[in-house]
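Asks: pasting the sequence and the predicted model now:
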Amino acid sequence: MRIAAATIVGVMAFAGLAAGSSPSATLPSRSVLDIGDSLSVGAAPYLHARLRGYRIVQDYDVGLHAYDAARIVSGTRALPSVLVVSAGTNDDPRIVSTFVRSVSTIVTTAGSARCVVWPTIVRPPAVGASYDGINRALSNAAARHRNLVLVDWVRMVAGHRWWLANDGVHVSAAGYRARAAAIASAVVAHCS
């Protein structure tokens, strides 16, 4: 299920610059492209409340994979100065190399002048494999790329297990509020 929503101001800003700009064009510094899966859908209203004054364009797909996020970033003609990417939860943890390529594509396409904020992945093992490898890949990428800022969602959830729903992935309203607050804090602290 694809969900694409945007604030009117954000759409007008992105559309106006995208039409006649080069792929490396940058939107104003208080613009955010928020790409994500179902966790982003849950956190969206809280993120908007936390980032008042920012133009936020959302591109959500409930089953989003990191390679989908890479395709979105690569296909966006005018990237904003901040990208929030919530992807990896739906990726196959046995194929970390595909995830690594996707992260690399996103960070490289963003370039050093843009900030990429990415929450770490919390979910029970899938297909018999843990998501530790995907989180290690994110940590390694952040060590190599100064423009990649991680939000330690793993640590946050570990201290608040009651946020988690029975599926071990989705969270309560309190969890979504905390996730949005952490993402917004990272944007303000590291991407301004």
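Replies: Happy to help now that I have it.
Asks: could you tell me the end-to-end distance of stretch 120-135?
Replies: Start and end residues of stretch 120-135 are separated by 6 Å (C-alpha to C-alpha, to the nearest Å).
Asks: what of stretch 135-154?
Replies: End-to-end distance for stretch 135-154: 9 Å, by C-alpha to C-alpha.
Asks: residue nearest the centroid of the chain?
Replies: Relative to the mean C-alpha position of the chain, the nearest C-alpha, by C-alpha atoms, centre = their mean, is the one of residue 85, at 1.5 Å.
Asks: what pairs with whichever strand or helix holds that one, parallel or antiparallel?
Replies: In this structure, residue 85 is located in strand 82-86 according to DSSP states H and E. Next to strand 82-86 in the sheet, as set by DSSP bridges, lie strand 31-36 (parallel), strand 115-119 (parallel).
Asks: what's next to it, contact-wise?
Replies: Contacts to strand 82-86, defined as C-beta atoms under 8 Å, 6 or more residues apart in numbering, come from residues 31-37, 39-40, 43, 47, 54, 64, 66, 69, 73, 106, 110, 114-119, 183, 187, 191. In this view, the C-beta of every residue, glycine as well, is placed from N, C-alpha and C.
Asks: ok, stretch 127-143 next?
Replies: By C-beta under 8 Å, 6+ apart, the residues outside stretch 127-143 that reach it are 88, 91-94, 96, 99-100, 103-104, 107, 118, 120-123, 125, 148-150, 154.
Asks: and the residues you listed, which of them are buried?
Replies: 88, 91, 93, 96, 99-100, 103, 107, 118, 120-123, 148-150, 154 (16 or more other C-beta atoms under 10 Å).
Asks: so of those, which ones are in helices?
Replies: 96, 99, 100, 103, 107, 154 (DSSP state H).
Asks: show me the contacts for residue 67.
Replies: Neighbour list for residue 67: 91, 98, 101, 102 [criterion: C-beta under 8 Å, 6+ apart].
Asks: mind pulling up the pLDDT for the first one?
Replies: Translated: residue 91. Note on residue 91: pLDDT of 98.
Asks: and the gap between it and residue 162?
Replies: According to C-beta to C-beta, to the nearest Å, residue 91 stands 26 Å off from residue 162.
Asks: then the second one?
Replies: With distances defined as C-beta to C-beta, the gap from residue 98 to residue 162 amounts to 33 Å.
Asks: kindly report the same for residue 139.
Replies: 26 Å.
Asks: quick one, which of those two is more surrounded?
Replies: residue 139 (14 against 9; other C-beta atoms under 10 Å).
Asks: avg pLDDT for the host helix or strand of that one?
Replies: Element membership for residue 139 (DSSP H and E) is helix 132-144. For helix 132-144, the mean pLDDT works out to 98.
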